[in-house]
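Engineer: Compute the structure for the input listed below.
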Amino acid sequence: MRNPLSEKVVEVKPSGIRKFFDLVNEMTDAISLGVGEPDFDTPWRIREEGIFSLERGRTFYTSNAGLKELKVEIAKYIEKKMHVPYDYNHEIMVTVGGSEAIDMAFRAMLDPGDEVLIPQPSYVSYVPCAYMADGVPVPVELKVENEFKLTVKALEKVYTPKAKILVMPFPNNPTGSIMTREDLEPIAKFVQEHDLFVLSDEIYSELSYKGEHVSIASFPGMKERTIMINGFSKGFAMTGWRLGYACAPRVILEQMLKLHQFAIMCAPTNSQYAAVEGLRNCQDEVEEMRQSYNQRRRFLMHEFERMNLKCFEPYGAFYVFPSIREFGLTSEEFATQLLEEEKVAVVPGTAFGDCGEGFLRISYAYSLEDLKEAIGRLERFIQKLRVREQ
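Structural biologist: Residues are numbered from 1 along each chain as shown. Sure thing, here's the model as predicted:
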């Protein structure tokens, strides 16, 4: 019998997050700080609109690119928040989560051998999606001494003329790092000088704690080179609604839409109607959630300082990325022992690229009560490790 499987797909490793997610699900008294999912319910007005759309019988397909009403609201939102004007009819499409948009962009743009520059540590999907689109993923190491920001110096180390796309994963998962306007300016210049395109994943744009989020698409000459990925999962607490969107030049979006048309058809109809309500009337709830995350962020940073656990201060998303290099364990070993001994689940930094070794991703998308209990257990574990080293 011939091999029924694709060699390319078999070569792709499963997400490094799944191991700890599955293990903690088998424990009744464990606390998980490993999942990047808001602990808030979706704002009521969004849920109500989703229910109402079902009651009204809105269970039909929408256009492939998405509801006109939703694309219009997305265009208004992006222009107001990011200061980038988009034509809702030709430059915006609605997708099944931001992850689908990433996959569509790579498949629409890459030919075999094209290189994709991927700053790491970063979201686990970029590398396999680029690889399965016949691209060549090229890691760009982000360093803690630079607060895990992308620099031109780091790009110059790995750039070759085969490079076509630069991924911009900010605010960053897993580090929580952000890029300010001053940080982005030399990157935009580098992109234009080397005729690159940018896939800018801005799914955490609503969760920035140090000034207004800045999109690289807002720089002169960059809109034409940028595929902006965003969605409703994080800022609007709509993970299960599976709704994202892409804003891109028409020539690129038309090819992404072709792939979306054949593979997906359209995003869930009731989710799209619900998102219209979210964009129009739920900014207060989004801000309340952002402030709550910021409170948790400050709590964790205070506790790490008290415990003498090194961690640069992140200003985006809902993750912290502390260093555990002092303990002489790999990230995988530390996370495994912490789960076994104290029943706290975190994610090894290596799940997000090899340069994540020596770090952990801790999500603060959990209640303060859970965070306090988990930090108490983490401190007890760290104290035991420090005693063992003496």
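Engineer: so how many other residues sit close to G36?
Structural biologist: 20 (other Cβ atoms under 10 Å). Glycine gets a C-beta too; all of them are placed from N, C-alpha and C.
Engineer: can you tell me which residues contact it?
Structural biologist: Shown in contact with G36 (Cβ atoms under 8 Å, 6 or more residues apart in numbering): 173, 234, 317-319, 363, 365.
Engineer: mind running it again at 6 Å?
Structural biologist: Taking Cβ atoms under 6 Å, 6 or more residues apart in numbering as the criterion, G36 is in contact with S363.
Engineer: do I375 as well
Structural biologist: So I375 contacts E303 (Cβ under 6 Å, 6+ apart).
Engineer: Now do the buried residues in the strand or helix carrying it.
Structural biologist: Applying DSSP states H and E as the criterion places I375 in helix 368-389. Applying a neighbour-count criterion of 16 or more other Cβ atoms under 10 Å, one finds 370-371, 374-375, 377-379, 381-382, 385 buried in helix 368-389.
Engineer: again, but for stretch 261-277
Structural biologist: Buried residues in stretch 261-277 (16+ other Cβ under 10 Å): 266-277.
Engineer: Where strands are concerned, which of the residues you listed count?
Structural biologist: If you go by DSSP state E, the buried residues of stretch 261-277 have nothing in strands.
Engineer: Looking at those residues, spot the one nearest V144.
Structural biologist: Compare each of the buried residues of stretch 261-277 with V144 using Cβ to Cβ and the shortest gap goes to A275, at 36.1 Å.
Engineer: what's near enough to touch the closest one?
Structural biologist: Residues counted as contacts of A275 (Cβ under 6 Å, 6+ apart) are 70, 232, 243.
Engineer: Now render these as TSV, adding secondary structure.
Structural biologist: Below are the contacts of A275 laid out as TSV (DSSP: H, G, I helix; E, B strand; the rest coil):
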residue	secondary structure
L70	helix
F232	coil
L243	coil
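Engineer: Make JSON lines from those residues and add distance to F334 and pLDDT to it.
Structural biologist: Below are the contacts of A275 laid out as JSON lines (distance: Cβ to Cβ, whole Å; pLDDT from 0 to 100):
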{"residue": "L70", "distance to F334": "43", "pLDDT": "98"}
{"residue": "F232", "distance to F334": "34", "pLDDT": "98"}
{"residue": "L243", "distance to F334": "35", "pLDDT": "98"}
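Engineer: Where neighbours are concerned, which of those residues has the most?
Structural biologist: Busiest of these [other Cβ under 10 Å] is F232, holding 28 neighbours.
Engineer: Count the neighbours of the nearest residue to that one once chain neighbours are set aside for me.
Structural biologist: Among residues not flanking F232 along the chain, M238 sits closest, at 4.1 Å (Cβ to Cβ, 6 or more residues apart in numbering). Neighbour count of M238, defined by other Cβ under 10 Å: 24.
Engineer: Check V144 too.
Structural biologist: When counting by other Cβ under 10 Å, one arrives at 18 neighbours for V144.
Engineer: Quick check: pLDDT value at it.
Structural biologist: pLDDT for V144: 97.
Engineer: Check the one 4 residues further on too.
Structural biologist: Per-residue confidence for F148 comes out at a pLDDT of 98.
Engineer: Got phi/psi on it?
Structural biologist: For F148, the backbone dihedrals (degrees, to the nearest 10) come out as phi 60, psi 30.
Engineer: do the same with A163
Structural biologist: According to degrees, to the nearest 10, A163 has phi -70, psi 140.
Engineer: about what we covered before: any chance of the buried residues of helix 368-389 in a markdown table, plus distance to T160 and pLDDT?
Structural biologist: Formatted as a markdown table, the buried residues of helix 368-389 follow (distance: Cβ to Cβ, whole Å; pLDDT from 0 to 100):
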| residue | distance to T160 | pLDDT |
| --- | --- | --- |
| D370 | 46 | 94 |
| L371 | 44 | 97 |
| A374 | 43 | 96 |
| I375 | 44 | 97 |
| R377 | 46 | 97 |
| L378 | 42 | 97 |
| E379 | 46 | 97 |
| F381 | 43 | 97 |
| I382 | 42 | 97 |
| L385 | 42 | 93 |
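Engineer: among those residues, which two are most distant?
Structural biologist: By the measure Cβ to Cβ, D370 and L385 form the most distant pair in those, at 22.5 Å.
Engineer: Quick check: the gap between G358 and K149.
Structural biologist: The gap separating G358 from K149 is 18 Å, by Cβ to Cβ, to the nearest Å.
Engineer: repeat for V320
Structural biologist: According to Cβ to Cβ, V320 and K149 sit 16 Å apart.
Engineer: who has more neighbours, the two?
Structural biologist: Taking other Cβ under 10 Å, V320 and K149 do not tie; V320 has more neighbours (27 against 19).
Engineer: tell me the contacts of that one?
Structural biologist: Applying Cβ under 6 Å, 6+ apart, we find V320 in contact with 300, 311, 314, 362.
Engineer: who does it bridge with?
Structural biologist: Counting by DSSP bridges, V320 is bridged to I362.
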